[in-house]
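[1] no sequence on hand, only this structure:
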């Protein structure tokens, strides 16, 4: 039996509260067990230098943890004067994942920055950030679509993420911090609503893993992500219908 | 009539939720109108280099705003690689204010770091941070007192802070962002439960101010801070009785 | 009796030597007791990005101490790679104070940077910097007025600054380093020639202070600043007459 | 037909020259097609702070590209004053991969830093770095084993890495720069001599990928890595026999 | 007898391999004894800000050592976040030396950046970098001349550099690391093909030196540089004829 | 005739005022024409890490210019967050030069930091800094000798520095800014009281220079430095007699 009485294949409870920030174009407060993240999406009516003049938009993400999001306090990256490698790796992953389900052409020359700020961390902060970031982005993009009357809704599919790992000999879904720190293999999976992979990152932290183990982990993650996307749909309400439809319904 | 229908001498509603972080020794979520701050206090059983060997403790504070705490998104200080002057000024103010009501000798050679992270900003983030930081610190210090059976409760008095300003010709208490940006004079006052001043910082943003105006502002702030301290007492419950008592009641 | 035989209400001797730098548009070497500061004002015929297109000017200040301005040597901020919080706080204070007596509209789209470099520090470096910075700025602005034949002299009033504090039970004016390091309360006051307040920053370093103590400190500072402004007028000579006159006398 | 006339499932030619640096404890110059990397391994008889007192060793890696390793010149990270997110991500990957085949207990309290410096880049610099870093590390560890007469050879298995991707509709092994920049899916695989996975990182750069595509990519990578490990064995000579043997043969 | 059996007045063997980088406009791999440097020249069809609009070109250089170029590993300057004073001094020296033999007017508004990356260091890295940088620059400039049909070949003379020093009582040419670290006087000389001095930098590391010693060192360096320039001519082939000719032969 | 009516071989007037800083162990205000530098020497009773346990002392220097030391204002290096290459090169030169006339063994395990801060720059700031730094160091070392009763005075010789250059066809001594900016060849010479060279740095800024020109420049510099050392002796008074004497006279 796992910590908190979960089954090996059982996700933690996920709570989603949208529109928690009065300034951001899109925002969500996402809780996955004791991992708590605020995601805000900011719209900017221009693109970064390297994207200029291509008629396409851009989506990027930033990630940070409050100093006391963790068991012991971490020094602020602002105080150290630089981002850690871990932070950079995570924010690159979030941004890349989001872009995989956005039709940048349809978005037009504007950019969206999604900030994922971890208030409390108990494992899975990067997967939780991706799942939340997608919601904040969807709300913000919906505002763009309505304001500018875009002909095509620029989000092509749903997106959510979950971790899976091997602790001892057992395959576990959605590891919390304590489980994660004992895991021999750790895998983060990012998938779309159509069941396609966007990112698969498996790491043999302590020992390499076999092809069979890889297959089992992917299968387990897939099921969990499917459930998460259903929760995303509920909370997005009418916006959910537009995602992947190729239409905006903006005249509805 | 002010924005939100307030009287000129009326504070915004303040909500306090304690123990919002499962790791921190003390924490509070403080909302003053639409200004929302998480304060966490971290205890460390050692002091900074410059305080070593004096048998005294130390209290310090850090302050930050999430990128989208404001109307338009601010670049992260971690991404810029350095703290702004404004941030440094504010965190020095919070730390200095907290230390003024702590008996560092009674605290012993340990330090407390209070992190004030602004989730949403609508004016008064530094005064709200001080008021919240005091609560988080009090909860953390109470844990130290109980754990180490300290003979004297190291907090000597209550502490809260409020802004007051002159907008047009009118004296206003507890300015929100819109009022603050139009204020000709802006004053931040930090006071103790005994009605003494810890910090008085008045600035003639656009024009200098007279002695009479200074006197009126101080009087108005004083009344508001008195009300805030009553709310702090309610939320701190039994800890409240120990503050300034010179006793710990740790054997109660 | 105080160090150097001063009365409690007596300022230190202030010496002012103008035009000490052959390149700067305005400069002064100001000595207040053993505190020695070089202030130079630089005119730039453009404004910072955030002020562009408003038809208004800008005034800013920078502050630094030579490494051996103090008892023991301080590491250079350039070597550490960043400004300390104290430096940023002081240069923001100087800039804000200067702007409060400048009619930025009358100045036109140009900016003035006043550099305050402390050669030797013996308490009161920020107040001495403000008093000196005003003189350097006035000389530089007078050159602008003459060169561009401005219709209105853009300085609206005099500006000087002094510290006052409580050491033991006694109220002292213009604290030197030794007194300052023992002070329980420390207050910096910036005032105009018309006796209005520009900045009032009172800090209970060790203990909070009462309303009565605040009142006494303000009164004492006021008298000292009045005397300093008279010295500023003497050294500025004909420029003194133009300040606050609303006229430039540029055709005289 | 691919650029350079390769088959879709054909690797580029790999050349390995060992001991190219007269100071480093282990070194190799590795060429994979036009991608050219120098890997040097440095032995230090102590471990980083966070590993102290555990009786275990540590292996870490650093990665960098010469400014003109690429088509157009890149600004040096030293000149910019910070490492890019890409660099940090790659050096974390290399270090993690190397550690997965090292018995840190058997290594003892010493650390190995492998530097991978890319002289010329034509795709696959991270996989080439891993393949080369393993060789440099093996040579250095062999020196430790001999010098300190270690009872167990601390390397448990071989390690090599290869990329595979989907360009157009076609699955390609070992992409060069031109192919990589057109790839819709990009996957880096790190494997051991026993055919186990150490890292699997698949990214749908432009579009998500299916489970079938994932399976095909893994299979293709596996074959290529098998061939690379054979080349590693040849160049390592007698050291090759000790890897994974659990014995050092140090008395041979 | 010196290390490696050299005479006091004998240079180390110098090997030059041109065109070692497939992207750079000019490149050379230069070995002087065990000192090994890759020099690449990059052409940019614009000049830095401070040179704009003058119709003249610019030449600059950067210098770096791989971490394990030296006996013990050096921390990367990118990891430390800043260039050392030594690095800056060397790259300023290389750039200044190169510019002394380039007719910037004839080059036109384009710039050349020469990167000197030391793969292995055994004394004389700065002099070796200058000698190699000249070759890489010459090849790159020849490409510019041919591509843009420049009327005058913009290189006015050859350029090479050598060190000379006093170890014990003996004058030595071209010091290796071991000799250099024992030298009492160290001098770097940069000369042209016409036997003129571009840079003379003599330093009494441990003790001052006399005028006679200075004269002897200059004479010894001169002879060595003369030989190096002959090797440069051989390796540059037809380009060699254009240097200093005032003609480009671009129509040949 | 030169600017200010000087002969080609005539130095600028040099004024020396010692003990200008009440905290520093040694200090001098040096004016060479319109170049004005404050040099302070700080004694520290320990040595840097890399010198520990050798029983020897250390001497180092830092150099900086006030922002408005120059015609147009320079951004502070502290604000840019890093030292320029020029600053690093100069402070390395000053430190190296000072050390060449100090018997580090005789100094014992203590270090001296000489700060050279340029208040106004009109050419020759590095040579003026060296000449002034020597005086500040000598005063500080004399205090050490007296306080610790050192048996040998640790300064072995005098030290001063001067620039010489070729402007047009003419050889000029001690160039001011205007001359320096037109110079084709620029040479800085650092010499001892015994007429030996400590540093010779000649640079053909615009064109290489011949051996004859080099000889003439050295001769001219030598005469000027001789005169400067006489002025140093006058201002150092009784300390002058101890320099190079091998004795301290500390019991006189």
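    Yes, it's here. Model, not experiment: these values are computed from the prediction.

[2] list the buried residues in the one helix or strand in chain A whose mean pLDDT sits lowest.
    Within chain A, no helix or strand scores below helix A:77-80, which has a mean of 90 by mean pLDDT, DSSP states H and E. For helix A:77-80, burial by neighbour count (16 or more other Cβ atoms under 10 Å in any protein chain shown) applies to A:77-78. All C-beta atoms are positioned from the backbone trio N, CA, C, and that covers glycine.

[3] stretch A:153-168 too?
    Quick answer for stretch A:153-168 (16+ other Cβ under 10 Å): A:153-167.

[4] and if you look at stretch A:206-219?
    Those would be A:208-209, A:213-214, A:217-218, for stretch A:206-219 by 16+ other Cβ under 10 Å.

[5] repeat that for stretch A:80-95.
    By 16+ other Cβ under 10 Å, the buried positions in stretch A:80-95 come out as A:81-83, A:85, A:87-95.

[6] closest to residue C:224 out of these?
    Distance to residue C:224 across the buried residues of stretch A:80-95 (Cβ to Cβ) is lowest for residue A:81, with 40.9 Å.

[7] re earlier: quick one: which of the buried residues of stretch A:80-95 is nearest chain C?
    Lowest distance from chain C to those (Cβ to the nearest Cβ) belongs to residue A:81, with 7.2 Å.

[8] related to what we said a few turns ago, farthest-separated two in the buried residues of stretch A:153-168?
    Using Cβ to Cβ, the pair of those lying farthest apart is A:153 and A:167, separated by 40.7 Å.

[9] near chain F, which residues of the stretch 1-150 of chain A are found?
    Residues of the stretch 1-150 of chain A lying close to chain F (Cβ under 8 Å from any Cβ of the partner chain): none.

[10] now do the strands in the stretch 1-150 of chain A.
    Ranges of strands within the stretch 1-150 of chain A are A:14-18, A:26-32, A:35-44, A:58-65, A:111-120, based on DSSP state E, counting those that start in this stretch.

[11] one more: the stretch 151-252 of chain A?
    A:159-167, A:170-173, A:185-192, A:197-204.

[12] before we move on, what's the pLDDT of the residue of the stretch 1-150 of chain A found nearest chain E?
    Per Cβ to the nearest Cβ, residue A:82 is where the stretch 1-150 of chain A lies closest to chain E, at 7.2 Å. Residue A:82 carries a pLDDT value of 87.

[13] surely it is in contact with residue B:81?
    Yes: at 6.0 Å, residue A:82 counts as touching residue B:81 under the criterion of Cβ atoms under 8 Å.

[14] overlap in contacts of the two?
    Residues touching both residue A:82 and residue B:81 (Cβ atoms under 8 Å, 6 or more residues apart in numbering or on different chains) are residue D:82.

[15] list the contacts for the residue positioned nearest the centre of chain A?
    For chain A, residue A:130 is the residue whose C-alpha lies nearest the centre (Cα atoms, centre = their mean; 0.6 Å). Shown in contact with residue A:130 (Cβ under 8 Å, 6+ apart): A:93-94, A:97-98, A:159-161, A:190.

[16] so can I have CSV of the residues you listed showing pLDDT and distance to residue A:18?
    Putting the contacts of residue A:130 into CSV (pLDDT from 0 to 100; distance: Cβ to Cβ, whole Å) gives the following:
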residue, pLDDT, distance to residue A:18
A:93, 97, 23
A:94, 98, 18
A:97, 97, 20
A:98, 97, 17
A:159, 97, 16
A:160, 98, 15
A:161, 98, 18
A:190, 98, 21
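
[17] quick check: the farthest pair among these?
    Taking every pair in these and measuring Cβ to Cβ, the maximum separation is 13.7 Å, between A:93 and A:160.

[18] tell me the spacing between the residue in the stretch 151-252 of chain A that chain C sits nearest to and residue A:95.
    The stretch 151-252 of chain A approaches chain C most closely through residue A:154 (31.9 Å), counting by Cβ to the nearest Cβ. As for residue A:154, its distance to residue A:95 is 16 Å (criterion: Cβ to Cβ, to the nearest Å).

[19] I'd say residue A:93 and residue A:126 touch.
    Yes: here residue A:93 reaches residue A:126: they are 6.4 Å apart, a contact under Cβ under 8 Å.

[20] what's the overlap in contacts for these two?
    Counting by Cβ under 8 Å, 6+ apart, the shared contacts of residue A:93 and residue A:126 are residue A:188.

[21] the closest residue to chain F within the stretch 151-252 of chain A bridge partners, please.
    Nearest residue of the stretch 151-252 of chain A to chain F (Cβ to the nearest Cβ) works out as residue A:201 at 34.9 Å. With DSSP bridges as the criterion, residue A:201 is bridged to residue A:188, residue D:201.

[22] who are the contact partners of residue A:133?
    Contacts of residue A:133 (Cβ under 8 Å, 6+ apart): A:39, A:41, A:61, A:94, A:98, A:114, A:116.

[23] report the two of those residues separated the most.
    The widest separation within the contacts of residue A:133 (Cβ to Cβ) is 11.7 Å, between A:41 and A:94.

[24] leaving out chain neighbours, which residue sits closest to residue A:112?
    Ranked by Cβ to Cβ, 6 or more residues apart in numbering or on different chains and with sequence neighbours excluded, the top spatial neighbour of residue A:112 is residue A:59, at 4.8 Å.

[25] now for the one you found, how many residues are close by?
    26 (other Cβ atoms under 10 Å in any protein chain shown).

[26] hang on, isn't it packed against residue A:100?
    No: assessed by Cβ under 8 Å, residue A:59 is found out of contact with residue A:100, at 9.6 Å.

[27] against chain D, how distant is the closest residue to chain E within the stretch 151-252 of chain A?
    Nearest residue of the stretch 151-252 of chain A to chain E: residue A:203, at 23.5 Å (Cβ to the nearest Cβ). Applying Cβ to the nearest Cβ, to the nearest Å, the value for residue A:203 to chain D is 6 Å.

[28] so what's the residue count around the nearest residue to that residue once chain neighbours are set aside?
    Nearest residue to residue A:203, sequence neighbours excluded (Cβ to Cβ, 6+ apart): residue A:186, at 5.2 Å. Neighbour count for residue A:186, taken as other Cβ under 10 Å: 22.

[29] against residue D:225, how distant is residue A:186?
    21 Å.

[30] circling back: wait, the residue of the stretch 151-252 of chain A closest to chain C touches residue A:145, no?
    Yes: between residue A:154 and residue A:145 there is a contact under Cβ under 8 Å: 7.4 Å.

[31] how many other residues sit next to residue A:189?
    Residue A:189 has 24 neighbours, counted by other Cβ under 10 Å.

[32] got a pLDDT number for the nearest residue to it once chain neighbours are set aside?
    By the measure of Cβ to Cβ, 6+ apart, the closest residue to residue A:189 outside its immediate chain neighbours is residue A:221, 3.9 Å from it. As predicted, residue A:221 sits at a pLDDT of 97.

[33] so what's residue A:221 up against?
    A:162-164, A:173, A:187, A:189, A:191.

[34] one more time with 6 Å
    Counting by Cβ atoms under 6 Å, 6 or more residues apart in numbering or on different chains, residue A:221 touches A:162, A:164, A:189.
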